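> Quick check, what structure comes out for this input:
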Amino acid sequence: MIPGSYSKDDELVQPRKRHKVAQASSPDTYLEIPYLRWLSRFLLLTLLGCIGYAGWGALLNPSYFPLAKIKVSGEFHHINPTAIQQLMAPYLQQGFFGVNTTALQDELQQLPWVNRVSIGRSWPKALSVTLVEHQPIAHWNGNALVNNQGQVFTPPNVNAEQNIPYFVGPLGQQILMLKTYQNLNPLLQALSLSIKQLYLTDRHAWQLQLSNGIIVNLGSQDILDRLKRFITIYQRLFAARATEVDYIDMRYSNGIAVKWNN
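Numbering: from 1, shown residues only. Have a look, this model is predicted:
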């Protein structure tokens, strides 16, 4: 054999290289690991949920966390303490964490003289309740009262409040009447008088009945200026004869009209 030459017969046949082909995993093998992961997570979450449920049940159990007392604070003139105690008694059985403060607040808010309620827990065994009572400013149309915020409320024995004025006016106008009363009444202190009754008509005309019985018609315009003019005239002309005056009309720009008692 001559170097550098060869024949077909003399061709060296070299063995072919074999490449390993990765055998695909079966679907069962591929899903096995993720399935176990999700299963373990589910079991862990279930266990934690059971522990949390059991713990929450223990918190709500009055035997473990009893509610020993409910402390009530506030300045009361009309609220009945006995009624408050009777209302709160069932809530003492619910436990410190189990007590339904929302329901208790709603019940207290329904009491006739209660304006606002705030409730908080005082660790470890008490509940703190603060009550704010309505402050009546005036009677409202003979069957209700108006508080210092212009809110209408209807307690029992409305007529028992004797030392406050009477407002008579259209529904929904109590805030306007309260503000007008607060603007006008201080001016009358110079005469040692006050507003006994305040009237507002559907046409927004104002009328006062003073503490000495005199009725003053101010109309619907410039009522503050008209009252100031009334004070000036009253001091000069009517202070000494107040018991003889029944009605004074201040709606005239250049004068007044007076009705005397018979």
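
> from here on, contacts and neighbour counts on C-alpha atoms
Will do.

> any low-confidence regions in the protein?
1-33, 35-63 (pLDDT under 70).

> Please repeat the previous calculation with a cut-off of 90.
1-69, 80-83, 85, 92-99, 121-126, 157, 159-160, 162, 253-254, 262 (pLDDT under 90).

> all helices in it, in order from the N-terminus.
27-60, 81-88, 101-109, 174-184, 223-233 (DSSP state H).

> Just the residues contacting the fourth one, thanks.
The reference is to helix 174-184. 140, 146, 149-152, 167, 169, 195, 198, 200, 224, 227 (Cα atoms under 8 Å, 6 or more residues apart in numbering).

> Same list (these) but as TSV, adding distance to residue 257 and neighbour count.
Output for these, formatted as TSV (distance: Cα to Cα, whole Å; neighbours: other Cα atoms under 10 Å):
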residue	distance to residue 257	neighbour count
140	29	21
146	32	24
149	36	14
150	33	19
151	36	17
152	35	19
167	24	27
169	24	19
195	20	23
198	20	22
200	20	20
224	18	14
227	14	20
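
> What is the nearest of these to residue 212?
residue 195 (9.2 Å; Cα to Cα).

> Spatially nearest residue to that closest one (excluding sequence neighbours)?
residue 210 (4.6 Å; Cα to Cα, 6 or more residues apart in numbering).

> looking at it, the one you found is touching residue 196, isn't it?
Yes. Proximity of residue 210 to residue 196 meets the contact threshold set by Cα atoms under 8 Å, at 5.1 Å.

> Which stretches in the chain count as strands?
69-73, 114-122, 126-133, 136-140, 144-147, 152-153, 166-168, 195-200, 206-210, 215-219, 245-249, 257-260 (DSSP state E).

> Domain-wise, how is this protein divided?
69-133, 136-260 (automatic domain parsing).

> ok, the residue most central in space within the chain - contacts?
Nearest to the mean C-alpha position of the chain, by Cα atoms, centre = their mean, lies residue 116 at 7.2 Å. Contacts for residue 116 (Cα under 8 Å, 6+ apart) come out as 109, 131-133.

> Likewise for residue 99?
By Cα under 8 Å, 6+ apart, the neighbours of residue 99 are 91-93.

> Same list (these) but as CSV, adding neighbour count and distance to residue 84.
Listed next are these as CSV, based on neighbours: other Cα atoms under 10 Å; distance: Cα to Cα, whole Å:
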residue, neighbour count, distance to residue 84
91, 19, 12
92, 18, 13
93, 16, 16
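
> Out of those, which comes closest to residue 186?
Scanning the contacts of residue 99 for proximity to residue 186, where the rule is Cα to Cα, the winner is residue 91, at 46.6 Å.
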